[in-house]
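> my questions concern the predicted model and sequence given below.
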Amino acid sequence: MGSMTLETDVHVVAHPHHRHGWWWKTLLGGFLLWVVTIIVTIATQNTNLVPTIILIGSFLVPFTVVLFVIERVTGTVSTMQLITAFFVGGVLGVLGASLLESDLRPGAGLYLLVGFVEELVKGVLLVIVGWRVRPKTARQGALLGATVGAGFSAFESAGYAFNAAITTRGIDLSSLLQTEVARAVLSPVGHVLWTAILGAVLFGVAHGRPKFRWTWSVLVAYVVVSVLHGLWDSNSTISTLLAFVFTGTPFSAAQNGYVPSSLAGVVTTLYIAGLAVVSVIGVGVLVGVLLHYRRQARRLDARQYAELGAWAGSPPPHPLR
């Protein structure tokens, strides 16, 4: 890596973004629409409304994240760019992940491999989306990363909801709603959070530059978010194994791969605790990254100011004698 040089782009045009609280207004309004749709579906037994339930339930929280970002992002990023990143990035993300995951074989490391694959796809999309973004700061990267992660989460959640609804007995509305609620509540600390961490580092190391640059910090961030993703996905298996260990129940008690009913409560408790631990670690990492690059940016700005001050205070040029 060479020495850092600062460049400015005189052609940068900032897009205005105003805070009107549309994100929480949309969240409340969308939730009411979702509830009304459920009530009408149950009352009329009209299965044509099931796709509406899936779409509203899967996209409400992720799209709320996008509105939150729109009101806070700065610089050259336009509202249309963010919405495009959400929808196009989400579709390309799930398609790319599906293609790369198609050759993965079941095994102990499957969840970890899935984490590395999906975070790689989102990272590439984030670089494409943020290539011309100015200025590049850790905060800006976290917001753009959250947008890309929200798009991925929305389309993935729609797929999970669809699979939960389709059973051999027909459409299981109860299973559909449980899946949507769980994924909606957890989405901000899932894909949104992981891609925000990666975005914060990607943009943080490029602070003061018009283009991205490579450092080992980017690789470390990628590994960290991929491991968090893998732990999140494998939490069900981990909590089940821990339930057997903590209660002293022999593994032979599992019949045909099913957990004994006596352990169901312990497994659920450990599962929730596991998600909470992974979420807290993820939030802590994001906060730590943002604080680190904020301090770094302040030191850089202070050094620039000192250099400019020294130049301004130097005597005027005079002819050599």
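Thanks, I have the structure now.
> residues touching residue 293, list them.
When contacts are counted by C-beta atoms under 8 Å, 6 or more residues apart in numbering, residue 293 is found next to 137-138, 200, 204, 207. (C-beta placed from N, C-alpha, C; glycine too.)
> got phi/psi on it?
As for residue 293, its main-chain torsions (degrees, to the nearest 10) stand at phi -70, psi -20.
> so which of the contacts of residue 293 is the closest to residue 162?
Of all these, the one sitting nearest residue 162 is residue 200; the distance, using C-beta to C-beta, is 32.4 Å.
> I figured that closest one hits residue 139, correct?
Yes: here residue 200 reaches residue 139: they are 7.4 Å apart, a contact under C-beta atoms under 8 Å.
> which one's more surrounded, the two?
More crowded of residue 200 and residue 139, by other C-beta atoms under 10 Å: residue 200, with 29 against 19.
> can you redo the contacts of residue 293 as a markdown table with secondary structure, pLDDT and distance to residue 38?
Converted to a markdown table, those look like this (DSSP: H, G, I helix; E, B strand; the rest coil; pLDDT from 0 to 100; distance: C-beta to C-beta, whole Å):
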| residue | secondary structure | pLDDT | distance to residue 38 |
| --- | --- | --- | --- |
| 137 | coil | 91 | 41 |
| 138 | helix | 93 | 40 |
| 200 | helix | 96 | 37 |
| 204 | helix | 93 | 42 |
| 207 | coil | 84 | 46 |
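> relative to residue 149, which of those is nearest.
Nearest to residue 149 out of the contacts of residue 293 is residue 200 (C-beta to C-beta; 11.9 Å).
> OK, contacts around the closest one?
Each residue near residue 200 by C-beta under 8 Å, 6+ apart is listed here: 138-139, 141-142, 145, 221, 286, 289-290, 293.
> who wins for neighbours among these?
In terms of neighbours by other C-beta under 10 Å, the contacts of residue 200 top out with residue 145 at 32 neighbours.
> next, the buried residues of the one helix or strand that residue maps to.
Taking DSSP states H and E as the criterion, the element that holds residue 145 is helix 138-165. For helix 138-165, burial by neighbour count (16 or more other C-beta atoms under 10 Å) applies to 138-158, 160-161, 164-165.
> so which helix or strand takes in the spatially closest residue to residue 22 that is not a sequence neighbour?
Excluding its sequence neighbours, the residue lying closest to residue 22 (C-beta to C-beta, 6 or more residues apart in numbering) is residue 67, at 5.0 Å. With the criterion set as DSSP H and E, the secondary-structure element containing residue 67 is helix 50-70.
> dump that helix to PDB, keeping only the CA atoms.
These are the backbone C-alpha positions of helix 50-70, laid out as PDB (Å, rounded to 0.1, in the frame of the first residue of the first chain):
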ATOM      1  CA  VAL A  50     -51.800 -14.800   0.300                       C
ATOM      2  CA  PRO A  51     -49.100 -13.200  -2.100                       C
ATOM      3  CA  THR A  52     -50.100  -9.800  -0.700                       C
ATOM      4  CA  ILE A  53     -49.500 -11.000   2.800                       C
ATOM      5  CA  ILE A  54     -46.100 -12.400   1.800                       C
ATOM      6  CA  LEU A  55     -45.000  -9.200  -0.100                       C
ATOM      7  CA  ILE A  56     -46.100  -6.800   2.600                       C
ATOM      8  CA  GLY A  57     -44.700  -8.900   5.500                       C
ATOM      9  CA  SER A  58     -41.400  -9.600   3.700                       C
ATOM     10  CA  PHE A  59     -40.700  -6.100   2.400                       C
ATOM     11  CA  LEU A  60     -42.100  -3.800   5.100                       C
ATOM     12  CA  VAL A  61     -39.100  -3.800   7.500                       C
ATOM     13  CA  PRO A  62     -36.400  -3.900   4.900                       C
ATOM     14  CA  PHE A  63     -38.000  -1.100   2.900                       C
ATOM     15  CA  THR A  64     -38.300   0.900   6.100                       C
ATOM     16  CA  VAL A  65     -34.600   0.600   6.500                       C
ATOM     17  CA  VAL A  66     -34.200   2.100   3.000                       C
ATOM     18  CA  LEU A  67     -36.300   5.100   3.900                       C
ATOM     19  CA  PHE A  68     -34.300   5.500   7.100                       C
ATOM     20  CA  VAL A  69     -31.100   5.600   5.000                       C
ATOM     21  CA  ILE A  70     -32.600   8.000   2.400                       C
END
